[in-house]
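> Kindly return the folded structure for what I paste below:
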Amino acid sequence: MSRYAVYIRTKEGNIERMKNVICGYPLVRQAPYGALAPYMHEEPLEGFPESLVLWAASKGPTVGIAPLNSRPESGKHKLAGLLEG
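Sure, this is the predicted structure:
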């Protein structure tokens, strides 16, 4: 089962890592991005334990999730790779 840290982005663009961890989000093949469909806007993270966050909205205030324990190799952190596991 996959585990994700919860992030928020404010309207000012500030990013904060929450203490919440969510589990689940198995691949659902009927949806284009599986169960991760609400979180399809990918952004690299710097200065946080995770290196990638998937946002629910491409800009503005939103909620995001970041795969725990996944420090992907450079160039290999695309959403498609996350859906394989």
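
> Averaging pLDDT per element, find the lowest-scoring helix or strand in the chain.
Per-element confidence for the chain was summarised using mean pLDDT, DSSP states H and E. The lowest value among helices and strands belongs to helix 79-83, with a mean of 45.

> Report the buried residues of the longest strand along the chain.
Using DSSP state E, we find that the single longest strand of the chain is strand 15-24. The neighbour-count check on strand 15-24 (16 or more other Cβ atoms under 10 Å) flags Ile15, Arg17 as buried. Using the backbone N, CA and C atoms, a C-beta is placed for each residue, glycine as well.

> Phi, psi for Ala56 please.
Main-chain dihedrals, Ala56, degrees, to the nearest 10: phi -80, psi -20.

> cool, Ser51 as well?
The phi/psi pair for Ser51 (degrees, to the nearest 10) is phi -100, psi 0.

> Tell me, how many residues neighbour it?
Burial of Ser51 is recorded as 15 neighbouring residues (other Cβ atoms under 10 Å).

> you'd agree it is up against Glu43?
No. Using Cβ atoms under 8 Å, Ser51 is not in contact with Glu43, being 10.4 Å away.

> Quick check, Met18 in contact with Val6.
Yes. Using Cβ under 8 Å as the test, Met18 is close enough to Val6 to be in contact (4.3 Å).

> Measure how buried Pro61 is and give me the count.
Around Pro61 there are 13 other residues, counting by other Cβ under 10 Å.

> Buried ones in stretch 2-11, by neighbour count?
Ser2, Tyr4, Ala5, Val6, Tyr7, Arg9.
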